[in-house]
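>>> Build the 3D model from these lines:
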Amino acid sequence: MRLLLGTEDYIKYPFLPEALKIVKELGLTLEELGETPLGNEILEYAKRKILSVIVEGKYPVASDDYRLEVSAFTTSLLILSQVGDKALTEKFAVAFSKKTTLSLEEDSRKNLQLLLYLSQVFGWDVRIEGDRITVHFKDYVYAQPEFTGPWKLVNRALRAGYVEVTAHEFVRLLQTGVKKHVVKLVESASIDPSMLPERLYAVVEEVSQAWAKTRKEVLAYAQANYAKSGAEAFPPCIRALLEEAKSGRNLPHSARFVLASFLLNIGFTVDQTLEVFKSSPDYREDLARYQVEHIAGLRGSRTKYTPYKCDNMRSLGLCKWQCEGVKHPLQYFYRAVRGKPPRVREV
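Numbers count the residues shown, from 1 in each chain. Sure, this is the predicted structure:
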């Protein structure tokens with residue numbers, strides 16, 4: 001579709017193909033990042049964006065200069081690809097997608113065609129006829145923010161493969177789409193590290209160290225509080241799985257994965273995690289160690305896994321609780337060890 005875009009749209013949505021062309025129009029090469037006044041300004045601005053996400057958990061307010069904003073956003077993607085930490089990329093993508101929410105909501109009232117164009121950038125099949133918005137079920141499932149209640153596909157009217165959504169629901173879907181699109185852009189921004197100019201390499205190292213320090217501090221704080229309160233800081237779903245494992249019940253694979261990944265992410269060693277499963281009737285040291293080391297990122301792809309999100313836990317039958325304001329078991333844990341456990345109700 002043809003749509004007239006303005007510089008304000010580029011500032012709000014710097015991932016748009018038309019916005020990304022601006023970087024090429026500037027003619028700034030990789031070697032000039034940090035080596036020229038303009039390149040240095042872009043690089044420093046990009047670094048501040050990522051550090052803001054790491055330290056404050058927020059994507060900073062955009063610049064009025066659309067060329068600087070888009071160029072810094074693109075440079076941020078390159079920096080993140082070189083840092084190579086999926087957790088940081090996810091944190092950045094989440095912060096950025098939350099920042100776009102107000103713009104998405106405003107455009108849902110004033111410029112719905114722009115939102116339709118955004119969905120097409122993501123490769124979605126969306127139809128807008130008057131005030132009626134329908135999304136192909138595959139794209140709906142891909143972007144649905146929750147898998148329970150009114151968002152559950154079985155609770156929606158499905159006509160010829162399309163799900164009708166309100167403008168507000170469309171915004172929620174697009175917010176998830178923005179997050180996933182940014183993650184993909186980071187993955188595609190990777191270049192040979194040997195090609196990095198010295199100044200850009202130094203920024204990558206600075207961001208890596210800031211992220212490592214933050215992760216280390218959070219983990220140390222969590223471990224200290226776990227030592228004091230034990231499993232009381234665990235979400236109810238994890239406590240239930242832990243009790244079942246210790247009682248000698250044979251947990252399904254999904255439950256073992258959740259329990260192992262949770263323990264490893266809060267600082268348990270591989271050996272400490274294995275102790276939890278030794279009461280299992282089919283426990284085999286060699287096989288269990290291989291699986292736990294794989295989850296810990298010590299084997300295979302070297303990716304350290306995290307537990308499923310709360311919605312996925314419930315859909316798998318591993319959770320029957322609703323923890324207020326929590327979407328992930330680790331989120332519950334970090335709030336609990338800070339003395340602010342979420343309110344819980346059984347569903």
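>>> just for the protein, where's the confidence low?
Applying pLDDT under 70 to the chain flags the ranges 1-2, 148, 221-223, 225-230.
>>> for it, what spans make up the strands?
Applying DSSP state E to the chain gives strands spanning 126-129, 132-136, 158-159, 162-165, 321-323, 344-346.
>>> wait, which of the ones you listed is closest to residue 209?
Ranking the strands of the chain by their distance to residue 209 (criterion: CB to CB) puts strand 321-323 first, at 33.3 Å. Every C-beta, even on glycine, is put in place using the N, C-alpha and C of the backbone.
>>> picking that back up, so which of the strands of the chain is nearest residue 302?
Relative to residue 302, the nearest member of these by CB to CB is strand 321-323, separated by 31.2 Å.
>>> I'd like the strands of the chain as CSV, with distance to residue 277 appended.
Shown next, in CSV, are the strands of the chain (distance: least, CB to CB, whole Å):
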stretch, distance to residue 277
strand 126-129, 45
strand 132-136, 42
strand 158-159, 41
strand 162-165, 41
strand 321-323, 23
strand 344-346, 26
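>>> how much space between the residue most central in space within the chain and residue 122?
The centroid of the chain falls nearest to residue 90 when counting by CA atoms, centre = their mean (3.2 Å). Distance, residue 90 to residue 122, using CB to CB, to the nearest Å: 17 Å.
>>> got it, and residue 233?
Distance of residue 233 to residue 122, computed by CB to CB: 38 Å.
>>> which one of those two has more residues nearby?
residue 233 (22 against 19; other CB atoms under 10 Å).
>>> Find the nearest non-adjacent residue to that one, please.
Spatial nearest neighbour of residue 233, chain neighbours left out: residue 336 (4.0 Å); criterion: CB to CB, 6 or more residues apart in numbering.
>>> and what of residue 248?
In space, residue 248 is closest to residue 279, 4.5 Å off (CB to CB, 6+ apart).
>>> Contact partners for residue 295?
The neighbours of residue 295, taking CB atoms under 8 Å, 6 or more residues apart in numbering as the test, are 257, 260, 261, 264, 304, 305.
>>> Wait, the fourth one touches residue 293, no?
Looking back up the chat, that one is residue 264. No: applying CB atoms under 8 Å as the test, residue 264 and residue 293 come out as separate, 9.6 Å apart.
>>> list the residues that contact both of these two?
Common contacts of residue 264 and residue 293 (CB under 8 Å, 6+ apart): residue 270.
>>> Between those two, which is the more surrounded one?
Remark: of residue 264 and residue 293, residue 264 carries more neighbours, 23 against 17, as counted by other CB under 10 Å.
>>> Tell me which residues touch the more buried one, please.
For residue 264, the contact set (CB under 8 Å, 6+ apart) comprises 270, 273, 292, 295, 296, 304.
>>> And the furthest pair within these?
Once CB to CB is applied, the contacts of residue 264 give 273 and 304 as the farthest pair, at 12.6 Å.
>>> Off-centre distance for stretch 45-54?
Offset of stretch 45-54 from its chain centre (CA atoms, centre = their mean, to the nearest Å): 16 Å.
>>> Now do that stretch: everything it contacts.
For stretch 45-54, the surrounding residues in contact (CB under 8 Å, 6+ apart) are 58-60, 63, 68, 72-73, 75-76, 79-80, 88, 91-92, 95-96, 203, 206-207, 210-211, 214.
>>> and with 7 Å instead?
Residues outside stretch 45-54 that contact it (CB atoms under 7 Å, 6 or more residues apart in numbering): 58-60, 68, 72, 75-76, 79-80, 91-92, 95, 203, 206-207, 210-211, 214.
>>> Kindly report the same for stretch 135-144.
Identification of contacts with stretch 135-144 by CB under 7 Å, 6+ apart yields 124-126, 151, 153, 158, 161-163, 165, 173, 176-177.
>>> please redo it, this time with the cut-off set to 10 Å
Identification of contacts with stretch 135-144 by CB atoms under 10 Å, 6 or more residues apart in numbering yields 119, 122-128, 134, 147, 151-153, 156, 158-165, 169-170, 172-180, 311.
>>> do stretch 23-41 as well
Looking at stretch 23-41 with CB under 10 Å, 6+ apart, the contacting residues turn out to be 14, 42-44, 46-47, 65, 67-68, 70-75, 78-79, 191, 195-203.
>>> Distance check, the residue nearest to the centre of the chain against residue 318.
22 Å.
>>> Then residue 218?
Counting by CB to CB - residue 218 and residue 318 are separated by 25 Å.
>>> Summarise which helices and strands the longest helix seen in the chain is packed against.
Looking across the chain with DSSP state H, the single longest helix is helix 198-229. Applying 3 or more CB pairs under 10 Å, 6 or more residues apart in numbering; DSSP states H and E, we find helix 198-229 packed against helix 37-56, helix 66-83, helix 86-99, helix 329-337.
>>> chain center to the third one, what's the gap?
What it means is helix 86-99. Centre-to-centre, helix 86-99 and its host chain are 5 Å apart (CA atoms, centre = their mean).
>>> Output the strands of the chain in CSV, with mean neighbour count and distance to residue 9 appended to each entry.
Output for the strands of the chain, formatted as CSV (neighbours: other CB atoms under 10 Å; distance: least, CB to CB, whole Å):
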stretch, mean neighbour count, distance to residue 9
strand 126-129, 14, 18
strand 132-136, 19, 20
strand 158-159, 12, 32
strand 162-165, 18, 22
strand 321-323, 19, 38
strand 344-346, 10, 42
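>>> Which one of these lies nearest to residue 84?
Nearest to residue 84 among these is strand 321-323 (31.6 Å), distances taken as CB to CB.
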